[in-house]
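Colleague: Dropping a prediction and its sequence here:
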Amino acid sequence: MNKISRLLAVLVTASVAMAAQAQNIAVVNGVAIPQAKMDIQLKALAARGQKDSPELRNAIKDSLVTAVLIEQEATKKGLDKTPDVQAELEMARQSVIFRAYVQDYMKNNPVTDAEIKAEYDKYKATQADREYNVRHILVKDEKAAKDIIEQLKKGAKFDKLAEKFSIDPGSKAKGGELGWNAPGNFVKPFAEAMTKLDKGQISKEPVKSDFGFHVIKLDDVRSAKVPGFDEVKPQITEFLQRKKLETLMAGLRAKAKIE
């Protein structure tokens with residue numbers, strides 16, 4: 001090799017080394033920290049609203065350098081070979097691969113606007129046009145419910161009887177109050193009896209359900225506002241993504257040999 005060839009070889013080697021160094025943010029005891037590691041952290045912080053800045057990059061660099069130093073010292077002690085650490089490393093590896101697989105799947109199988117709209121229409125169809133502010137007294141047997149109705153007819157206060165006799169722990173201390181709800185939030189017998197009452201009216205007969213016997217009082221009624229499409233689109237999208245993933249996982253399990 002003549003002098004010119006040797007010079008060219010040196011220049012090429014130097015240029016390759018400089019290019020490689022440019023892709024690293026630091027080299028710690030001979031171990032390179034690639035720019036890609038900083039980029040991953042910058043992306044994660046940006047997703048949480050953190051703005052890129054020289055100060056942020058320096059902080060990330062310091063953190064990555066410290067991590068390499070600690071890793072090197074731990075490796076010298078053989079800590080990376082202990083069963084517990086090996087198990088955790090394998091779990092971390094699986095977690096990263098799992099996340100990458102899910103992201104790739106959702107990228108190639110996105111939830112479409114048509115699917116979101118169809119799900120919204122189904123949701124909207126289940127929403128009642130009215131909401132009911134209702135309270136109840138729940139007891140175990142029909143006779144106790146009838147006795148309460150008789151006391152109410154004689155002028156007893158509904159909230160006081162609820163506090164004394166109701167076995168529903170969620171509403172007992174609030175005088176039987178259940179708050180504003182659509183009929184679909186209640187079991188069918190309760191909902192049917194409630195929607196037949198006028199404002200301020202108390203059920204004339206006990207209402208039987210799987211929970212016991214109810215005495216129902218309707219405090220108020222109002223028109224229900226169904227959330228607009230844009231209001232619930234993020235929640236519907238997340239719901240449909242979760243359904244897609246559940247279907248995917250179920251399919252994988254069905255095809256797998258699990259012993």
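Modeller: Noted; the coordinates are in hand.

Colleague: Break this structure into its domains for me.
Modeller: 3-80, 82-127+227-259, 128-223 (automatic domain parsing).

Colleague: quick one: average pLDDT of the longest one?
Modeller: When you say that, I think you mean domain 128-223. Domain 128-223 comes out with an average pLDDT of 95.

Colleague: tell me which element Val221 is part of?
Modeller: strand 212-223 (DSSP states H and E).

Colleague: Which strands or helices does the next helix or strand after that strand pack on?
Modeller: Next helix or strand after strand 212-223 toward the C-terminus (DSSP H and E): helix 229-255. Helices and strands touching helix 229-255, by 3 or more C-beta pairs under 8 Å, 6 or more residues apart in numbering; DSSP states H and E, are helix 83-108, helix 113-126. C-beta: built from backbone N, CA, C; applies to glycine.

Colleague: if we go to 6 Å?
Modeller: helix 113-126 (3 or more C-beta pairs under 6 Å, 6 or more residues apart in numbering; DSSP states H and E).

Colleague: For the strand holding Val221, which helices and strands make contact with it?
Modeller: Strand 212-223 packs on strand 130-139, helix 142-153, helix 188-195, going by 3+ C-beta pairs under 6 Å, 6+ apart.

Colleague: Specify the angle between that strand and strand 130-139 in degrees.
Modeller: 160 degrees (axes from the mean of the first three to the mean of the last three C-alpha atoms, to 10 degrees).

Colleague: Report pLDDT for Val12.
Modeller: Val12 is given a pLDDT of 40.

Colleague: sorry, back to before: report the angle between the axes of the strand holding Val221 and helix 188-195?
Modeller: 50 degrees.

Colleague: sorry, back to before: how about the helices and strands packed on strand 212-223 in a markdown table, adding distance to Ala114?
Modeller: Shown next, in a markdown table, are the helices and strands packed on strand 212-223 (distance: least, C-beta to C-beta, whole Å):
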| stretch | distance to Ala114 |
| --- | --- |
| strand 130-139 | 30 |
| helix 142-153 | 49 |
| helix 188-195 | 32 |
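
Colleague: looking at those, which is buried most?
Modeller: strand 130-139 (a mean of 22; mean count of other C-beta atoms under 10 Å).
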